[in-house]
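[1] Mind looking at a prediction? Sequence and model below.
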Amino acid sequence: MNQLVLTARIAEVSPLRYTPAGLPVLELRLEHESQQDEASTPRAVKTTVKSIAIGLMAERVGHQALDSCWTFKGFLATARNAKHPVFHLQDFQPNP
């Protein structure tokens with residue numbers, strides 16, 4: 001199964017672009033910061049995740065404010081000739 005749930009803030013948003021088929025695409029950078037238990041020891045965790053939203057999701061995410069915090073759901077995929085996975089957004093909700 002390839003499913004990711006991440007609470008993060010919207011740190012950066014690229015201008016909205018369109019595929020040759022006319023679908024809106026939005027690339028963004030999400031930043032996560034939390035404390036996790038690892039080997040029974042608390043660990044401060046910070047990460048930045050390159051993300052992409054396509055179609056209606058791109059339009060929805062594009063209307064949100066920079067630095068706003070959300071819980072994002074989606075999957076990871078690596079594009080051809082790329083070295084790192086990208087978080088493909090499928091849904092997001094306000095962070096409780």
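    Nice, thanks for sending it over.

[2] Return the set of residues that bridge with residue 74.
    Under DSSP bridges, the beta-bridge partners of residue 74 are residue 4, residue 89.

[3] tell me, how many neighbours does it end up with?
    For residue 74, the count of nearby residues is 21 (other CB atoms under 10 Å). The C-beta positions use only the backbone N, C-alpha and C, and glycine is treated the same way.

[4] do the same with residue 25
    15.

[5] Backbone dihedrals for residue 55, please?
    phi 70, psi -140 (degrees, to the nearest 10).

[6] which residues touch the one helix or strand residue 92 maps to?
    Assessed by DSSP states H and E, residue 92 sits inside strand 86-94. Applying CB atoms under 8 Å, 6 or more residues apart in numbering, the contact partners of strand 86-94 are 4, 6, 30, 49-54, 57, 60-61, 70-79.

[7] Filter these down to the ones in strands?
    Using DSSP state E, 4, 6, 30, 49-54, 70-77 are the members of the contacts of strand 86-94 that sit in strands.

[8] Which strand residues bridge the spatially most central residue of the chain?
    The residue lying closest to the centre of the chain (CA atoms, centre = their mean) is residue 51, at 4.1 Å. Beta-bridge partners for residue 51, by DSSP bridges, are residue 28, residue 87.

[9] quick one: it and residue 80, what's the gap?
    18 Å (CB to CB, to the nearest Å).

[10] what's the answer for residue 12, then?
    24 Å.

[11] Give me the buried positions along stretch 81-96.
    Within stretch 81-96, the residues that count as buried by 16 or more other CB atoms under 10 Å are 86, 87, 88, 89, 92.

[12] For the residue nearest to residue 76 when sequence neighbours are not counted, give me the pLDDT.
    The shortest distance from residue 76 to any non-neighbouring residue, by CB to CB, 6 or more residues apart in numbering, is to residue 85 (4.2 Å). Residue 85 carries a pLDDT value of 96.

[13] correct me, but residue 85 touches residue 79?
    No - contact criterion CB atoms under 8 Å: residue 85 and residue 79 do not qualify, at 9.1 Å.

[14] Contacts only, for residue 85.
    Neighbouring residues of residue 85 by CB under 8 Å, 6+ apart: 76, 77, 78.
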